[in-house]
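> Just a sequence and a predicted model for now, questions to come.
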Amino acid sequence: MNRVIPGLPLSLGITVLYLSLIVLLPLGALVWQALDVGWERYLAIMSGARTMAAFRITLSTAALATVFNCIYGLALAWVLVRYEFPGKRFLDALVDVPFALPTAVAGLALSALFAKNGWFGGPLAAIGVEVAYTPLGIAMAMAFTSIPFVVRTVQPVLEDLAADVEEAAATLGASDLRVFARIIFPAILPAFLTGASLGFARSLGEFGAIIFIAGNLPLKTEVVSLLTFIRIEEYDYPAAAAIAATLLGFAFVLLFLVNMIQLWQQRRIGTGD
Amino acid sequence: MAREPLIPETAHPPRRIRVGDGPLARFLLIGSVLLVTVLVLVAPLLAIFAEALRHGMAAYAASFAAPDTQCAIGLTVFTALIAVPINVGFGIAAAWCIAKFTFPGRNLLVALVELPFSISPIIAGVAYLFVYGAQGLLGPWLEAHDIKIMFAVPAIILASLFVTAPFVARELIPLMIAQGTEEEEAAVTLGAGGWRILRLVTLPNVRFALLYGAALCNARVMGEFGAVSIVSGNIRGQTNTLPLQIELLYQDNNAVAAFAVATLLTLVALVTLVAKAIIERLDAARVKAQGKPGH
């Protein structure tokens, strides 16, 4: 412990107090309210057709959005690290747009793009694909808001990758795809999984971007965060508490997973693997 | 490819062929990434401005004249003016204890700082309702003392604080860890006190990261939607922030006005990203000059 530099008690005190008031107190209140619901009532709320449908829709569209971001995010990170081309800096800056742009604005923009007379909606309707007011629209909105996660976790690891192993493999006659699958991909896998999990977590809780484009039909295009919002508006606090606490549980499981992945990565680096 | 033996590992190794450096792979990867980026990242930004200007500049400008919209602008700026400095202060305190010291529970504290990042804003809104709402933990006490937090401006600020708590700390912590404690220790030896070290040594070393963290925090406070939509009560002209106003206008079928308001928040986001690009360039120049990471 560093005993020379002053200010540990004060800064630690402020940090712990602030986190307790701003983060832990509300989350504790939510858990308290959810526990108050009682096990039987909790099961009844969660097994209701509308709740079940909302979770099914949210999990499946978030999975779809994550698959998109795994492919696009990995390609984007690769292109940003490995190649030089005009406009690269601009592309790199664009990656952070979904972090800085308000979700409501993103939702509004997507709804305009995918409307029947929109830039994408028109051509897509011509080939019989509907995005607005369908689960595909929900996945689009989720994908947009979680684009930066895979890119920003994979990018630094890809940058630090040494060239020699790759070159040795190439010298021994391995094809590009084989070198990628056997050497590069395993090295970036922990970062890749971390990014994918964080993006998935973000997608599960997304609200603002989705409600503009989803149509918000119960049982069809209603996501969990919206259902929670509706239960609050109906003053059905037990149901809101049960659903929100379950969603919070999902977030904690994903965070635990991310921490496990990071431990695994540290151990791999530690053993020189 | 012929390689000379015994090339020392220098800063400028000879150009080598690596995976994906073939012209075809290069062309296909860059091309497809640029195409998808134009479709998913550039098109939405352009669509906002195109829709806002659909009926010309006059209609666009007129959108901001509505009293409700002006009120929303005022409330959003007010919220940011309070929430951003608080989270900057928190970010500095958190980064100071986490980056300059080791203590038991440090990793847990880091996880706690980043927690709001992984939690749905809707959960945050519901959680605040269960603290300050009429049926909440503190509800009866607040009511007895005639203090109004829920469905009023204080709740909007509190929810914004929750959602954006990690932003400044997340920018500062890795950088301050990388910079180590030597300069601060030297300052202590020279007799400087804690506040003086913070003001004259630590903060100047991280000033760009601090600026970017504050800018990002500001953009997120101004754009926060989910948490605020639960705790604000959506009272027109009173507790409506800009993102809520966008939704209201959109539901009123006043698309041009909704998109016009959206352009304001889009500009805030774009300015934030331009600031980041400038800061990264300055930082790269500084690393080259000093050989040390220092925003």
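Yep, that arrived.

> make it CA atoms for all contacts and neighbour counts henceforth
Will do.

> Name the helix or strand for the nearest residue to B:Ala277 once chain neighbours are set aside, please.
Spatially, and ignoring its direct neighbours in sequence, B:Ala277 is nearest to A:Ala93 (6.6 Å; C-alpha to C-alpha, 6 or more residues apart in numbering or on different chains). Using DSSP states H and E, A:Ala93 sits within helix A:88-94.

> Buried residues in the helix or strand bottoming out on mean pLDDT in chain A, which are they?
One helix or strand of chain A scores below all others by mean pLDDT, DSSP states H and E: helix A:163-171, with a mean of 81. Of all the residues in helix A:163-171, those buried under the rule 16 or more other C-alpha atoms under 10 Å in any protein chain shown are A:166-167, A:169-170.

> Give me the next element, helix or strand, following the helix or strand harbouring B:Gly74.
Following DSSP H and E, one finds B:Gly74 within helix B:67-100. Note on helix B:67-100: by DSSP H and E, the next helix or strand toward the C-terminus is helix B:106-118.

> by how many degrees do that following helix and helix B:67-100 diverge?
160 degrees (axes from the mean of the first three to the mean of the last three C-alpha atoms, to 10 degrees).

> Just the residues contacting whatever helix or strand comes next after helix B:106-118, thanks.
Proceeding N to C from helix B:106-118, the next assigned helix or strand is helix B:121-132, under DSSP H and E. Residues outside helix B:121-132 that contact it (C-alpha atoms under 8 Å, 6 or more residues apart in numbering or on different chains) are A:25-30, A:33, A:205-207, A:225, A:228-229, A:232, A:240-241, A:244-245, A:247-248, B:136-139, B:142, B:149-150, B:155, B:159, B:162-163, B:225-231.

> And helix B:121-132, what's buried?
B:121-132.

> Spatially central residue for the chain, please.
Because you didn't say which chain, this covers chain A. Nearest to the mean C-alpha position of chain A, by C-alpha atoms, centre = their mean, lies A:Gly199 at 1.8 Å.

> looking at chain B here, not the other one
Most central in chain B (C-alpha atoms, centre = their mean) works out to B:Leu216, at 2.6 Å.

> Let's verify that residue: helix, strand, or coil?
With DSSP: H, G, I helix; E, B strand; the rest coil as the basis, B:Leu216 sits in helix.

> picking up where we left off before, can you give me the distance of the residue nearest to the centre of chain A to B:Trp141?
Note on A:Gly199: its distance to B:Trp141, by C-alpha to C-alpha, to the nearest Å, is 39 Å.

> okay, now the domains of chain A?
A:1-37, A:49-270 (automatic domain parsing).

> sorry, back to before: report the contact partners of the residue nearest to B:Ala277.
B:273-274, B:276-277.

> Now with 10 Å, please.
B:270, B:273-274, B:276-277 (C-alpha atoms under 10 Å, 6 or more residues apart in numbering or on different chains).

> Any buried residues in the helix or strand hosting B:Leu46, and which?
Assessed by DSSP H and E, B:Leu46 sits inside helix B:43-52. Neighbour-count burial for helix B:43-52 flags B:43-45, B:47-52 (criterion: 16+ other C-alpha under 10 Å).

> cool, stretch A:184-204 as well?
Applying a neighbour-count criterion of 16+ other C-alpha under 10 Å, one finds A:184, A:187-188, A:190-204 buried in stretch A:184-204.

> That one and chain B in contact?
Yes - using C-alpha under 10 Å from any C-alpha of the partner chain, stretch A:184-204 reaches chain B at A:184, A:198-204.

> tell me how far the ends of stretch B:107-126 are from each other?
Across stretch B:107-126, first to last residue, C-alpha to C-alpha, it's 27 Å.

> how far off helix B:43-52 does the longest helix anywhere in chain B point, in degrees?
Counting residues, the longest helix in chain B under DSSP state H turns out to be helix B:255-290. Helix B:255-290 and helix B:43-52 are oriented at 140 degrees to each other (the same axes, to 10 degrees).

> all helices for the stretch 151-295 of chain B, in order.
B:153-164, B:166-179, B:182-189, B:194-197, B:203-205, B:207-223, B:226-231, B:242-251, B:255-290 (DSSP state H, counting those that start in this stretch).

> So A:Val4 is in contact with B:Thr189, correct?
Yes - if you go by C-alpha atoms under 10 Å, A:Val4 and B:Thr189 touch, sitting 8.8 Å apart.

> ok, back up a step: export the buried residues of helix B:121-132 to CSV and tack on pLDDT?
Formatted as CSV, the buried residues of helix B:121-132 follow (pLDDT from 0 to 100):
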residue, pLDDT
B:Pro121, 95
B:Ile122, 96
B:Ile123, 96
B:Ala124, 96
B:Gly125, 96
B:Val126, 96
B:Ala127, 97
B:Tyr128, 96
B:Leu129, 95
B:Phe130, 95
B:Val131, 95
B:Tyr132, 95
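
> Between the residues you listed, which sits nearest B:Leu112?
Distance ranking of the buried residues of helix B:121-132 against B:Leu112, using C-alpha to C-alpha, places B:Ala124 first at 14.4 Å.

> Which members of the residues of stretch A:184-204 next to chain B occur in helices, if any?
Using DSSP H, the residues of stretch A:184-204 next to chain B in helices are A:198-204.

> closest to A:Met52 among those residues?
A:Leu204 (14.3 Å).

> could you point out where the stretch 151-295 of chain B is predicted with low confidence?
Counting by pLDDT under 70, the stretch 151-295 of chain B contains low-confidence residues at B:290-295.

> OK, contacts around the residue of it found nearest chain A?
Across the stretch 151-295 of chain B, no residue is closer to chain A than B:Gly223, which sits at 4.3 Å (C-alpha to the nearest C-alpha). Residues near B:Gly223 by C-alpha under 10 Å, 6+ apart: A:100-105, A:208, B:76, B:80, B:160, B:217, B:241-244, B:262, B:265-266, B:268-269.
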